[in-house]
Structure formats: structure tokens, C-alpha cells
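Chemist: Requesting a structural model of the entry that follows:
(2 chains, ligands or ions: 6)
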Number of protein chains: 2
Amino acid sequence: NHSVPIAARVTVSKDESRDFMAVFPDLVRDLTTVTKSYNCNDAAKWLAKVLQYNVPRGKKNRGILTVLTYKNLIPPENLTPENIKLAQYLGWCVEMLQSFFLIADDVMDNSTTRRGQPCWHKVEGVGLTAINDALMIENAMYSILKKHFSNLDCYVALMELFHEITYITTCGQSLDQLNSNRSVSEFTMENYKAIVDNKTAYYSFYLPFALAMHLAGYKDAEAFRQSKTILLEMGHFFQVQDDFLDCFGNPEITGKVGTDIQDNKCSWLAVVAMQRANAEQKQIMIDCYGTEDLQKVERVKELYKELSLPSTYATFEEESYNMIKTHIQQTSRGVPHQTFLQILNKIYQRDA
Amino acid sequence: NHSVPIAARVTVSKDESRDFMAVFPDLVRDLTTVTKSYNCNDAAKWLAKVLQYNVPRGKKNRGILTVLTYKNLIPPENLTPENIKLAQYLGWCVEMLQSFFLIADDVMDNSTTRRGQPCWHKVEGVGLTAINDALMIENAMYSILKKHFSNLDCYVALMELFHEITYITTCGQSLDQLNSNRSVSEFTMENYKAIVDNKTAYYSFYLPFALAMHLAGYKDAEAFRQSKTILLEMGHFFQVQDDFLDCFGNPEITGKVGTDIQDNKCSWLAVVAMQRANAEQKQIMIDCYGTEDLQKVERVKELYKELSLPSTYATFEEESYNMIKTHIQQTSRGVPHQTFLQILNKIYQRDA
Ligand SMILES: [Mg+2]
Ligand SMILES: [Mg+2]
Ligand SMILES: [Mg+2]
Ligand SMILES: [Mg+2]
Ligand SMILES: [Mg+2]
Ligand SMILES: [Mg+2]
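Modeler: Ligands and ions are numbered 1, 2, ... in the order given. You can find the predicted model right below:
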């Protein structure tokens, strides 16, 4: 689809994923030991179950991105097993943060399945205890940071980054919540951007990259600023793509059947449709968006096609790719361009 | 009741409370500003409501304890308005942490009222969004720490303390949850102690005190260790008293009607009753504890009296007071004894 040089189409190799998984038992052992030190043997045993069920089951893209970025950023002579292990621990911290968000989000959305298994709160004997389990994961993460990173220069920066990104993500969730109670006629591209940046892009793209930069010793605020711009753009595109695939993706490839229309989601398609629609078409959106009625859902999908949204999306994809590439070429603060390009090409070829 | 010197019966004065409240609008302003800086104006407005409803409504004992302890610990010449304001900010951080715990706990326990008003999740238009609101409060707190404390030596210690205490509290909640599904016949004093220390004593007693020590410049690990021992003992006594008042307190004074028996709570009374009971009495506990049936609840209360628990409690109170006083007198690391005694005498005279 794009003129992406084949050589740059790097994906996460089986080896990367296996090496990353190999650290997980160490993480669980660290956390069990800490928990027992507070006279909480029963809670330690419970936490081990919570971690096993929730943390390592996903694609682990964010964790592995942390490690890959780190490897790209440091000089080969510093690529020691000890340093790689530190990057892997940081990657697991990102995965823990993500688990914490997902468990809480699934409770709030009353979701039933996640990553092909029941949501944690739907598991027999869990229920609303899932909320506390999410909090345990969030805060256990800081004990990993303390144990493995408190002797490093970047320790304060790492803690502050996790605090800030966690806060930003809760702000994004709050915006998402406030918007989901609004009518489709009130959706705007400005709100869409704020929700997406805060709810997804910061923790999925900027966080892993910035953690790797800190661990690699980057200190220049301008280097972080330039990277943030690019990574939020990638995160934004990633979410637009997610919204597009929710409606037009092949469920056999994406592995899920989208429900954004039924859920009254402020999605990219809905926002663009409202921008493009004439008075009559707007009324169709208002009548049909955000209901379970499958005929109405179909009507919305037809309208999306009448408004040529698939071709608008294709254009957006192309332009967004080129814009990000340009921004990468304009960076000037010592982050190798290839580091960004790897991520860019990875997300621009996905269909799931 | 005790031979407490009258002069030592210090309570929080109206002035202390008013001065402390005077800082709250600054806190809200700081947090609104941060939130808006992430393009989240709607979330900023929402957060202001969340904070107003949840944070300043309680007795604010933990926040004010932070300020009073700080004032006791620093030399008078350092008692500047700027330093006092810092201590007040730290006190509000403790109050924010407490709000975060309470909002989440009320969702998990499906509680209906808190501090004389509906629980936040029971407020019209809130519901499970309360979970995200709790997370916003938790993480907004770290932006207050960063804004006002990141230039101080104690910054890392403050962050690590909040991380550790938050984690410990979630472990205590987890133990509490695991125990509430057990039969009264499995309650033990060892479990009771672990639940109480972790779920309540650390964040209610040790946290405010240790924060004040850090801000006052204490660095000696042994001073923190000695303080922790004493403050956890106070927290332990405080909870035993709370359990006693739940059953034997005067609702007109405590302001609440206890339900620990109905809720199958691992309370001090239930644990001691099971230690003291003969086989027949144990069977009464097993049959009657943890049910809504008011006759059974009454039977448990009668049994408590048959086992002389009120007089056991009186003895425990006396011994515990003396033990803590001895431990205070044994401290040797420069924390003035009066600082501990103030808190001790405050909790040993409460009847609500
Ligand atoms: Mg969801
Ligand atoms: Mg959601
Ligand atoms: Mg989606
Ligand atoms: Mg409760
Ligand atoms: Mg509870
Ligand atoms: Mg109670």
C-alpha cells in the first residue's frame, strides 16, 4: 500500500518476545517478595494470580517497544545483558500500567471479554475486587522502579514520567466518559484529538519511547519535545486506524467485531461524517448513532460509504504517513531517525 | 478514664482547621491549571467538582496531623509562612490519598453514604466513573508534589513514601477482602493485625508523621523506624477502639450504627470472642455471625457481654496506652516525645 522500503518493515521478532517474557517470572518474584515483607502472604499469593492473568497475555507491543527503542538509542558497547534487563523491566512497568488501565476500564465499561478471555472482574470470585487488584498493579510497579532503578540518575525522571502519563490517561478517560454522554451532533475534531492523545497516545507511544530515552541517558528537553510531537502523531494515526478498522476491518483478521457505532463512541468516522454531512444526513446520524438497533447501525455504515469515508481514510493515511516522516527528518537532537521509522512502518502496515 | 495530664489533651483547634481549609482553593487551582495544560478543559471542570465533593468534607484529621507534627518537629525560627504552607500542601496530599481510597472502597463495598452525604458513586450521573475519578485524585496528587516539592532534598523520599504506603494499603484491602469470605472460625489475631496495620495504620498514622519528618529534614533511618513502631501501635489501638465502638458505642455520639457483625468483619471483638469461647459458644458465633438477622446479631452482642469483652477491652485500652507511652519514652533519635504524646492523648480520649 505505501512506498515503505521493505527493509524497514521491522516487526517484533519471536526472539524479542521470548526474551521479554523470560523476565516476567523475575518480576513476579520481586513483587511477591515485597508483598510478603509487609506480612501479607495471602495478598502476595493473590497478586501473583492477578499478575499472571492480566499482565502477560496481550501482544506486549508497548513493553517490547520500550526494549527495542532502548537498543536503538544506546551505543553498541553499552548493550550489556544488565542494561538490556533494565530495559525489559521498564517494558514490564509499561505493561503493568496498561493492565491497570485495562482492568479498571473493563469494570467501568462493564465489558465481558479482553484478549480472548473473560475480563478479570468477570472471573468467578473476583467481581469489584478487580478495582483493588488494578491499584495493586499500579503501585507495585513503583516498587519495581525503586528496586532496580533508584541507584540511577534517571530515577526521578522515570517516576515523574509515570506519574504524568498516568494522570494524563485518567484525564483522557474522563473526557471520553463526558463525551460518551453527548449527542453525535456535538462531536468535534478538537475533542476527538484531545481524547485520543490523552487516553491512548501518551501511554502507548510516548511513554515507552521516553522511558527508553531516559534509560539511555538522554537529558535534552528539546529532544523529548521533538520525540513527543512525532509519537503523539503516530498515536493519533494509530487510533484513527483503529476506529476505521472497527467499522471496515475484516473481523477474521482483526479478531473482533466492532461496536463503536452502538456505543456512541466519538470515533474518527463519526466526527468526519458529521463534518461532511448535509442537514438530511446529519439527521440520519442523530437518529441512528448510538443505538443497538442493527438496521440503524447498518444505515450509519451506508452513510459512511455515501460520504466516501473509506477513500477519505486512505488519503488521511497517506498524508499522515508523509507528515510524520517529514517530522522525523526534521528532528535534530540526536535521536536516530531509524528509531522512529521502525515504529512508523510497524503501525502503517497493520490490518489488525 | 486515663491518668492523662489535662494539659496534654490537645485537640485540633478551630484555627488549625480553618487555616488548613484556607489552602484548599489553591490546591484546586493548581490542579485545574495542570489539567488544562493537557487540553482537557472539560476534565478540569469535572475534577474541580470531584475534589470539592470528596476531599474536604471529612474531619481532615490526617491532613491536620501532618501540619501539627511538622510544627512540633522544626525549630521555631524555621516556622515561616512558606514552610507552614508546604506542610499544609503535604497534609492535603494525604487527604487526597484518603479520598482516593474511600471512593474506591465505597464502590467495592457498594456503600451508600459517607460523611453524611451519598457516596460519590451514588451521586446522579457518576456511577462507575467514580473509579476513574479516584484515579485522577491519586495521580493529581503527584503533580502537587512535583510543583511544590521537587526543588527540595526530601522530594524522592516523599514520592517513595506515597508509593509504598499506597501499595501497603492496597495489600491491606486485599487481605480484608480475602478474609471477608472466610468463616468466623478462621479469624485469627495474626490476620487481624496484618489487616489493620496495612489497611489503616500505615496511611492514617505513619504516613502523616513520616511526611512531616521528611519535610522537617529528618534523614536518620532509625528515627523513622522508631516512629513507625509507635505510630503503627497507635493505629492498631485506634482500629480496636473503632471495632469496639461499632458494637458498644453510643450511636448518638459516634454518629453511625455499626454493622460489623452483619458484614462478617474480622473485627477485634470477633477475634477475641473466638479465642475465649468454649465449643458451644463458638457454635453460636458460627451460626449467628455475618447474617442480617437482627436476632442473631443481638445473640452475638449478648455473647460478647457473656465473655466480658467490654472489660477485656478496658484492660486492653489501659495496657496499650501504657505500652505506647513506654515506647515513646524509649525513643532516642531526636523526635520530641511531646510530638507523639499529643497524638496518643488525642486518640485515647475519643468516644466517636
Ligand atoms: Mg473499554
Ligand atoms: Mg472506557
Ligand atoms: Mg477501537
Ligand atoms: Mg468500606
Ligand atoms: Mg472495604
Ligand atoms: Mg469500623
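Chemist: and the angle from the helix or strand containing A:L178 to helix B:155-180?
Modeler: Element membership for A:L178, per DSSP states H and E: helix A:155-180. Angle of helix A:155-180 versus helix B:155-180, following axes from the mean of the first three to the mean of the last three CA atoms, to 10 degrees, is 60 degrees.
Chemist: Can you get me the centre-to-centre distance for helix A:155-180 and its chain?
Modeler: The chain centroid and the centroid of helix A:155-180 are separated by 12 Å, computed with CA atoms, centre = their mean, to the nearest Å.
Chemist: which parts of it are buried?
Modeler: By 16 or more other CB atoms under 10 Å in any protein chain shown, the buried positions in helix A:155-180 come out as A:155-179. From N, CA and C alone the C-beta is placed, and that goes for glycine too.
Chemist: quick one: is it near chain B?
Modeler: Yes: counting by CB under 8 Å from any CB of the partner chain, chain B is contacted by helix A:155-180 at A:155-156, A:159-160, A:163-164, A:166-168, A:170-175, A:177-178.
Chemist: That helix and ligand 2, are they touching?
Modeler: No: using CB under 5 Å from the ion, helix A:155-180 stays clear of ligand 2, with a minimum separation of 6.0 Å.
Chemist: packing partners for that helix?
Modeler: helix A:81-108, helix A:129-149, helix A:189-196, helix A:207-215, helix B:41-54, helix B:129-149, helix B:155-180 (3 or more CB pairs under 8 Å, 6 or more residues apart in numbering or on different chains; DSSP states H and E).
Chemist: pLDDT on it, on average?
Modeler: The average pLDDT within helix A:155-180 is 96.
Chemist: could you give the angle of it to helix A:129-149?
Modeler: What separates the directions of helix A:155-180 and helix A:129-149 is an angle of 160 degrees, with the same axes, to 10 degrees.
Chemist: Next, the angle from helix A:155-180 to helix A:189-196.
Modeler: Orientation note: helix A:155-180 sits at an angle of 130 degrees relative to helix A:189-196 (the same axes, to 10 degrees).
Chemist: coming back round to it: pick the most deeply packed of the helices and strands packed on helix A:155-180.
Modeler: helix A:207-215 (a mean of 25; mean count of other CB atoms under 10 Å in any protein chain shown).
Chemist: Contacts for that helix next, please.
Modeler: The contact list for helix A:207-215 (CB atoms under 8 Å, 6 or more residues apart in numbering or on different chains) reads A:62-63, A:65-67, A:69-70, A:72-73, A:83, A:86-87, A:90-91, A:93-94, A:97, A:152, A:154, A:157-158, A:161-162, A:165, A:223-224, A:227-228, A:231, A:335, A:343.
Chemist: got it, and stretch A:257-266?
Modeler: With CB under 8 Å, 6+ apart as the test, stretch A:257-266 has contacts from A:176, A:179-180, A:182, A:184, A:187, A:191-192, A:195, A:243, A:245-247, A:249, A:251, A:267, A:269-270, A:289-292, A:297, A:300-301.
Chemist: Try it again at 6 Å.
Modeler: A:179-180, A:187, A:192, A:246-247, A:251, A:267, A:290, A:292, A:297, A:300 (CB atoms under 6 Å, 6 or more residues apart in numbering or on different chains).
Chemist: Any of those buried? List them.
Modeler: Among the contacts of stretch A:257-266, those scoring as buried are A:179, A:187, A:192, A:246-247, A:267, A:290, A:297, A:300 (criterion: 16+ other CB under 10 Å).
Chemist: Next one: the residue of chain A most remote from its centre from B:G125, what distance?
Modeler: The centre of chain A is farthest from one residue, A:E280, which by CA atoms, centre = their mean lies 36.5 Å away. Distance of A:E280 to B:G125, computed by CB to CB, to the nearest Å: 33 Å.
Chemist: Next, A:L79: phi, psi?
Modeler: Taking degrees, to the nearest 10, you get phi -80, psi 60 for the backbone angles of A:L79.
Chemist: returning to that earlier point: which of the contacts of stretch A:257-266 lies closest to ligand 1?
Modeler: When these are compared for distance to ligand 1, the smallest value, 10.3 Å, is given by A:S180; criterion: CB to the ion.
Chemist: which residues touch the closest one?
Modeler: A:N264.
Chemist: rerun that using 10 Å as the cut-off
Modeler: By CB atoms under 10 Å, 6 or more residues apart in numbering or on different chains, A:S180 lies in contact with A:109, A:195, A:263-266, A:290, B:129.
Chemist: now do A:A277
Modeler: For A:A277, the contact set (CB under 10 Å, 6+ apart) comprises A:283-286, A:303, A:306-307.
Chemist: Give me the buried entries from the residues you listed.
Modeler: Buried among the contacts of A:A277 (16+ other CB under 10 Å): A:284-285, A:303, A:307.
Chemist: Just confirm A:Y321 contacts A:N345, I think it does.
Modeler: Yes: the pair A:Y321 / A:N345 is scored as a contact, 9.2 Å apart, by CB atoms under 10 Å.
Chemist: one step back: doesn't the residue farthest from the centre of chain A fall inside a helix?
Modeler: Yes: with DSSP: H, G, I helix; E, B strand; the rest coil as the criterion, A:E280 is part of a helix.
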